Structures are given as C-alpha cells and as structure tokens.
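**Student:** Take a look and give me a structure for this.
(one chain, ligands or ions: 1)
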Amino acid sequence: MKWLKNLENIAKNHKSGLCPICGSKETDFGYSIIDPKSRMGYGAVWCNSCRHAFHISRVEVKDEKHIKEIPHNLIY
Ligand SMILES: [Zn+2]
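**Tutor:** Below you'll find the model as predicted:
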C-alpha cells in the first residue's frame, strides 16, 4: 500500500508527508463527518500536485481542525 507511510505520519505528527506517487511535498489530508452523533466519517490523504489520493474509510473524527472539504477531482 503506497500511502501507508503517510497514514503513519498523520497518526504520529499530523503531517501527510511526501507524495508516494510523484514525491511532491504538496500533500494534504482531511476528514468529513457523516454521522455527527458517533463522529464517524471518512477521510482522505491526497497530493495537490498529481491529484493521487488514498481513501480512509470509517474513521472516528476526533480532531475538529482536520475536518475539511475533500477535493472532488482526486484519483483513487
Ligand atoms: Zn503526487
């Protein structure tokens, strides 16, 4: 799995790191809440340079500041 290192980075220090596809530093990540009661939602980590992304399914969103709109034109 190509984005595994990025996911580890996000878990450890809230940084998405280098894109595993093109090597760009222009990566980002965020979450969307589907069910406000349980705070369950989904997320993604993506690259703003090549638009490649990895979908994170079913996560509990704990940190408000990482809630953001996930771009629609990503390549999963
Ligand atoms: Zn990239």
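
**Student:** Who does the most centrally placed residue in the chain form a beta bridge with?
**Tutor:** Central residue of the chain (Cα atoms, centre = their mean): residue 45, 2.5 Å from the mean position. The partner list for residue 45 in beta bridges (DSSP bridges) reads residue 29, residue 54.

**Student:** who's in contact with it?
**Tutor:** When contacts are counted by Cβ atoms under 8 Å, 6 or more residues apart in numbering, residue 45 touches 3, 6-7, 10, 16, 27-29, 53-54, 56. In this view, the C-beta of every residue, glycine as well, is placed from N, C-alpha and C.

**Student:** now, which of those residues sits nearest residue 74?
**Tutor:** Set against residue 74, the nearest of those by Cβ to Cβ is residue 53 (3.8 Å).

**Student:** Quick check: that closest one vs the ion, distance?
**Tutor:** Computed as Cβ to the ion, to the nearest Å, the residue 53 to the ion distance reads 9 Å.

**Student:** Same question for residue 28.
**Tutor:** Distance from residue 28 to the ion, by Cβ to the ion: 11 Å.

**Student:** go on, residue 40?
**Tutor:** From residue 40 to the ion the distance is 28 Å (Cβ to the ion).

**Student:** Got the phi and psi for that residue?
**Tutor:** Note on residue 40: backbone dihedrals following degrees, to the nearest 10 are phi -80, psi 150.

**Student:** ok, back up a step: now list the buried members of the contacts of residue 45.
**Tutor:** 3, 6-7, 10, 16, 27-29, 53-54, 56 (16 or more other Cβ atoms under 10 Å).
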